Each structure stands twice: as C-alpha cells, then as structure tokens.
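A.B. asks: have a look; sequence and predicted model below, questions after that.
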Amino acid sequence: MDLPFLLQSASRMAVLSVSDLSLAFGHVALLDHAAMSLETGERVGLIGRNGTGKSSLLRILAGLEPPDDGLVQVQQGLRRVYVPQEADFSADATVFDVVSEGVAEARSLRDRFEQHAPDDDLDALQTRIELLDGWNWETRVDQTLQRLQLDGATRIGSLSGGMQKRVALAQALVAAPDVLLLDEPTNHLDLDAIAWLEELLTSFRGSLILITHDRAFLDDVSTRIIELDRGILRSYPGNFAAFEARKEQELADEAVMNARADKLLAQEEVWIRKGVEARRTRSVSRINRLEALRSQRAARRESLGRVKLDVDGGQSSGKIVAELKNVSKSYGERVIVRDFSATILRGDKVGLIGPNGAGKTTLLKLILGDIAPDLGTVRQGTRLQVAYFDQMRAVLNPDATLADTISPGSEWVEIAGQRKHVMSYLGDFLFSPARAHSPVKSLSGGERNRLLLARLFARPANVLVLDEPTNDLDIDTLELLEQLLQDFPGTVFLVSHDRRFLDNVVTSTIVSESTPDDPGRWREYEGGVTDWLTQSQRARALQAQLNKSAGGSQDKRGVAQAKPDAAASGVAASAPARKKLSYKEQRELQELPGRIAALEAEQKALSDQLADPVSYTSATARIGEMQERFARIDEELLHALERWDVLDGK
C-alpha cells in the first residue's frame, strides 16, 4: 500500500461508527443489524419514512439511548451534541443562561477551581479547563449569540418557535462539538432563517448528521445521504438529487428481482403439488430449494405502504374566490397589510411567503373574510367551502381516538360521493385498525400531521388553506401531497417554508416586502419561490439602473427625471402584465398537447389509407368522407395550435 493512500485514509477516518445495530418496538424491527460510519467533516442527511426509527437512531448515536443489541464505537474524547425537534426551555430563563448550559462542564470546573476545596486536584482541574477552553466561556457565549443574532437578555417565553430553534442551535454550537446531531432543524424556520442555517452548517468544521425532509436543504447541505429503509441503513454519496437518481434505479432492480423470485416460487409450488415426482429420491434437492425459497419469501420485508391521498372537492365555487382592493390592516401602531390589491380566481394555487411574524395568517383571514380590513374592500366569491390545515394542530383533541377525530359518532366517511369505512380510510393514511381507537396524544409529530390531513380531506371543500403542512411529513408523503394539490380542481392557499414544495405546487406567490420604512407591504408574483427570486432580482437590478441613470447633474435634472419614466414605460410596454389563467383555461392548456397529438395521429392514419390503392376498391363509399375529415383536421389543428399559443402566452 502506497504512502499517499495511507495519508488519505488517515485524514478521512471514522469518528463514530455502529455495527450490527438492532432496535425493536414490539414485533417491528426498526434497526435490523444495521451498520454505518461517520467520517471527519462529513455532512450526512438521514432520511426515511415516518416511524422507521430515524430519531431513535440519532439518539443512539448521541449516546442518549442504548440499542437492543450491537456496537457503537466513538473516537476517544469525541464531543457529541444532539438538538431535538422541539426545544424544551424554561420560559423564564434568559437566552444567555440557556445558551450557557452548552458550556456547563467548563463553568462548573472553573467555579470549582476558583472556590477550590482542600481535597481538589488543582492541576487536574486546570488541565481539564484548558482542554474545554473554559477560562473564557463567557466570551464564547457572547460570540455565539452575536453570530446567531440573538439578544442574551431576552426571555425564552417571548421568543417565536423559530427563534427558540436558534437558541437550541446556539447552545449546541457553543459547546464546540466534534459531531453535531440535528433532528428536523428547519421546522419553524422561515426562508431567510433556513438560508442562514445552510450557510452556518456548510461552514461547520465538525461532522454533521441531520434528519430533515426539506429536499432543497438536503441538496445544499449534505455531502452524503443515509437512508433508513426497512431496518437497514444504505449509504449514497452526494446530495439528495444524486440519491433520488440512484434510488429509483435500485427500486426498479429490486422489483425485477422480487418478481423473478416470486415466479420461481410459484413454479416450484405447482411442481410440489403434483405429488408423485416430489417423493422420488433424486428430487430431494429440489424440495430443499423450495423450502429455502419459502424462507426467503417469508423473511422479505416489503417496502412500506404509501399514503393514499384523495380529497372531496365539493361543489365548484364561483369564478372569483376573492377580490381585494387597496386593503389595509393594522393592530395598534403595527401595520400588517397596507394598500394591497389582488384577485384570486378559482383553481389558483397561491403561496404566501414571508418571515415569521410578517402577518401571513392575518392576510389569509382578510382574503377569506374572517376579519374585516381597516381600509379598502374585500369581496368573497360564491359557494366557498373552506378547509383549514393548522400547523399548531389545534383542532386535534389529544384525548380523542383516531376514529372519532375522523368521523365522530359514525363508522363511515363519505369522500367524493363514495362511502368508506373509517378503518379503511385510516388505513389509506397508514394507520392500522389496531390503532384506530388509540388516543391522538400517542402519535408522533409526523403521524399527527397525517391524521390532520386525513381529517381535512374527509370533508368536502373547494378552498384548501394549508399552514405549514410539510412539517414532520416524510418525503414520499410530501410528493404525494404535491401531486394531490396540483390536481385539486379548487383553490389552494399554501403557507410553507419548503422551497421545493412551493415550487412544485403554487401558480403564484404573495410575498412580504415590508421594511422598517415601508411596513405592511405585500406583492404578488407569478410562479413559485424560484420565479419570485428571479423576478425580484431583475426588479432590483432595473431599479438600480434607473437610479444610476437618474443621478445626472443638477442642470440636467429634467432630462434625468424623464429617463426613468421613459424606461419604466418602455419596460411596461415591452413586458405587459401577465394575466392569470382561469381554472377552465388551465385545464384546457393541459389537455391541448394530447388533443393535438391525437389529431395528428388521426390525420396520419387517414393519409395512409388515402395513399393505399386498396382503399379505392374496398372502401370507395368512404373515400369522400375520409377526404372531408382530412381537411377538417387541418382546420382543427390550426385552431388548437393558435389556442395553445394564446393560453401559453398568458
């Protein structure tokens, strides 16, 4: 073995590893002889379905829980810090006090050194304090607070969920860990905070393992993906996009292999039932192979079921869902919305984007008529049936059973005119019949979100209001929810900080652009988060160009002032405002490619028949009809292509 390889291996050594790890709850093996390792400087994304044991594995890696069996090996002196999904701090404590708990050992040792007892070994204390960099722990806390933009004097109880998440991260980082273990770190964070966290983690010098279902976040942060699938840990180099490509091929290969094994087993079962041949001595090996096939089939763990999402769209609402004109709303001196106008049409998928506390919920209530504006007018459409998904899950009674939550007082639910037993309906959302009478409080966060979706979709609605529906949902369920919302014929209002989810669902975004000098400012953009970022960057670049051109000398002030107006009008003339498509137009645009392809195929078939001499002898009566139809298809194709161009231009 050559020297460069030895040096490379030494620089990329495992700081933490597990082997033959087993953990079970009841008869379900969450970890089935699993193995993995974490190398220096790696950033690993741990993914998997809800309930597969990701959080349990993270706590085992943190040393907080023991496995049922297996070996956990940790580098000597390794500092591991675990940050759970939900922060649990005293509401009366200050931010400084809570963050200081991250250096609790250093504080305690320095206090012992300064107030040493006669039997204390001062040399040993001093060595340990220096190892922990404990002489200046206050400075480290202050620097960490400054880096994470936190005020040390603030009481925890006055902070939002997102700011409490920052405090938990500060408490972890101040400990200067070698390994940072994060469970759903993006929950309760807005887009700006998520971007900030990405930058923080990519610059982190230690090793990182994080659980998250934010696919864009995984793409930007992770250098390796580890998937927990049916008790086994599988490693994939690269980010989430690279994982998706490899996983798709793996699942296809697995399906082919399983199908071949099942076919062989079926053939052998037919053979064994013939009776006479199976008892011959020379067939003993074949009988043994059959027993082995049966054992392999029994031991195979199929991929977990997928949630079956379906929603009752109810009766169709009016064409206009809401029309807002110069709407303003304030609470005391705080301006939430100022001079906002918009028209929401049936079928629109609207994303609301803004930092925590910007007033997204207030704006939603204005749009839906739950509160009245201080100024301006709001006109609601007709026949609106609104269903809410609340991120705080306030509508869930923790003491109620799952069945009563879905269908109180009845064993049946009605979805889109079809009756379904509540047990079967809960099964669509991966709740077994045995759990139907369990209390809501026994569910995990992801399971409560699934239950809330089940409750939401069990009621007819043509307007869905989803407030942070992606928290705690696994990636498979997220993708199914995306598809459901894309196909939903009604109107959707979506509050989320999941960039990929917004990009895949919404047709427009309403974005908070408030500043201290201009509070309550909201603006509507076509498209999702990516489109908003592109359009806002272009707008800023144009404004900077206009400001630059307006900075002429005083004697050319008139000309300088005229330039922006001319430029602005030129932009307006060259790029007229795009109008929204109605729901009917959206459907028409989706169907046009298929219709055009069908017309072209029909025309091709007619052309082949008309070119065939046999047609003029065997089907002479239809020649005229075919020629007329051929001409009509030309007209229909031209009309369809023109219509496609018009709708696509909108």
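C.D. replies: Good, I have the coordinates. Numbering: from 1, shown residues only.
A.B. asks: how about Ser17, phi and psi?
C.D. replies: For Ser17, the backbone dihedrals are phi -150, psi 150 (criterion: degrees, to the nearest 10).
A.B. asks: and Gly238, by the same measure?
C.D. replies: The phi and psi values for Gly238, taken as degrees, to the nearest 10, are phi 100, psi -170.
A.B. asks: my read: it touches Ile226, true?
C.D. replies: No. Assessed by CB atoms under 8 Å, Gly238 is found out of contact with Ile226, at 12.0 Å. The C-beta positions use only the backbone N, C-alpha and C, and glycine is treated the same way.
A.B. asks: residues contacting Ser187?
C.D. replies: If you look again at residue 187, you'll see it is Asn, not Ser. 85, 161, 165, 471-472 (CB atoms under 8 Å, 6 or more residues apart in numbering).
A.B. asks: now it: which helix or strand?
C.D. replies: Asn187 belongs to no helix or strand when assigned by DSSP states H and E.
A.B. asks: tell me which residue is most central in the chain.
C.D. replies: Asp214 (4.3 Å; CA atoms, centre = their mean).
A.B. asks: over to it: give its phi and psi.
C.D. replies: Torsion angles, degrees, to the nearest 10, at Asp214: phi -80, psi 100.
A.B. asks: which residue packs closest to it, ignoring adjacent ones?
C.D. replies: Thr186 (4.9 Å; CB to CB, 6 or more residues apart in numbering).
A.B. asks: distance-wise, check that neighbour relative to Glu198.
C.D. replies: Using CB to CB, to the nearest Å, we find Thr186 at a distance of 9 Å from Glu198.
A.B. asks: which residues are in contact with both of these two?
C.D. replies: Applying CB under 8 Å, 6+ apart, one finds that Thr186 and Glu198 are jointly contacted by Phe217.
A.B. asks: okay, the two: which has more neighbours?
C.D. replies: More crowded of Thr186 and Glu198, by other CB atoms under 10 Å: Thr186, with 26 against 17.
A.B. asks: what sits against the more buried one?
C.D. replies: The contact partners of Thr186, taken as CB under 8 Å, 6+ apart, are 194, 197, 212, 214, 217, 497.
A.B. asks: distance-wise, check it relative to Gly161.
C.D. replies: For Thr186, the distance to Gly161 equals 12 Å [CB to CB].
A.B. asks: backbone phi and psi for Leu324, please?
C.D. replies: Per degrees, to the nearest 10, the backbone of Leu324 is at phi -110, psi 130.
A.B. asks: now the helix or strand hosting Glu199: how far from the chain's centre is it?
C.D. replies: Assigned by DSSP H and E, Glu199 belongs to helix 191-202. The chain centroid and the centroid of helix 191-202 are separated by 16 Å under CA atoms, centre = their mean, to the nearest Å.
A.B. asks: where does the stretch 301-450 of the chain dip in pLDDT?
C.D. replies: Scanning the stretch 301-450 of the chain for pLDDT under 70 picks out 301-314, 391-394, 416-417.
A.B. asks: show me where the stretch 351-500 of the chain has helices.
C.D. replies: With helices called from DSSP state H, counting those that start in this stretch, the stretch 351-500 of the chain shows them at 360-368, 402-406, 422-428, 445-457, 475-487, 499-505.
A.B. asks: Serialize these to a markdown table and add fields for distance to Val256 and mean neighbour count.
C.D. replies: As requested, those are exported to a markdown table (distance: least, CB to CB, whole Å; neighbours: other CB atoms under 10 Å):
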| stretch | distance to Val256 | mean neighbour count |
| --- | --- | --- |
| helix 360-368 | 47 | 20 |
| helix 402-406 | 37 | 22 |
| helix 422-428 | 28 | 19 |
| helix 445-457 | 31 | 21 |
| helix 475-487 | 21 | 18 |
| helix 499-505 | 29 | 23 |
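A.B. asks: nearest to Ser100, out of those?
C.D. replies: With CB to CB as the criterion, Ser100 lies closest to helix 445-457 of these, at 28.5 Å.
A.B. asks: contacts for the closest one, please.
C.D. replies: Residues outside helix 445-457 that contact it (CB under 8 Å, 6+ apart) are 50-51, 85, 307, 309-312, 387-390, 393, 395-396, 402, 405-406, 415, 425-426, 428-431, 440, 443, 464, 469, 471-474, 477, 481.
A.B. asks: drop anything exposed from the residues you listed.
C.D. replies: By neighbour count, with 16 or more other CB atoms under 10 Å, the contacts of helix 445-457 hold 50-51, 85, 307, 309, 311-312, 387-390, 393, 396, 402, 405-406, 415, 425-426, 428-431, 440, 443, 464, 469, 471-474, 477, 481 as buried.
A.B. asks: quick one: average pLDDT of stretch 50-67?
C.D. replies: Averaging pLDDT along stretch 50-67 gives 90.
A.B. asks: return that stretch as PDB; C-alpha atoms alone will do.
C.D. replies: Extracted in PDB, the C-alpha atoms of stretch 50-67 (Å, rounded to 0.1, in the frame of the first residue of the first chain):
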ATOM      1  CA  ASN A  50     -42.100   8.400   9.300                       C
ATOM      2  CA  GLY A  51     -41.900   5.800  12.100                       C
ATOM      3  CA  THR A  52     -38.900   3.900  10.700                       C
ATOM      4  CA  GLY A  53     -36.700   4.900  13.700                       C
ATOM      5  CA  LYS A  54     -34.600   7.800  12.500                       C
ATOM      6  CA  SER A  55     -34.900   9.800  15.700                       C
ATOM      7  CA  SER A  56     -34.200   6.700  17.800                       C
ATOM      8  CA  LEU A  57     -31.100   6.100  15.700                       C
ATOM      9  CA  LEU A  58     -30.000   9.700  16.200                       C
ATOM     10  CA  ARG A  59     -30.400   9.400  20.000                       C
ATOM     11  CA  ILE A  60     -28.400   6.200  20.000                       C
ATOM     12  CA  LEU A  61     -25.600   7.900  18.100                       C
ATOM     13  CA  ALA A  62     -25.800  10.800  20.600                       C
ATOM     14  CA  GLY A  63     -25.300   8.300  23.500                       C
ATOM     15  CA  LEU A  64     -28.700   9.200  24.900                       C
ATOM     16  CA  GLU A  65     -30.300   5.700  24.400                       C
ATOM     17  CA  PRO A  66     -28.900   2.200  24.200                       C
ATOM     18  CA  PRO A  67     -29.700  -0.100  21.300                       C
END
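A.B. asks: list the buried residues in that stretch.
C.D. replies: For stretch 50-67, by 16+ other CB under 10 Å, it's 50-62, 67.
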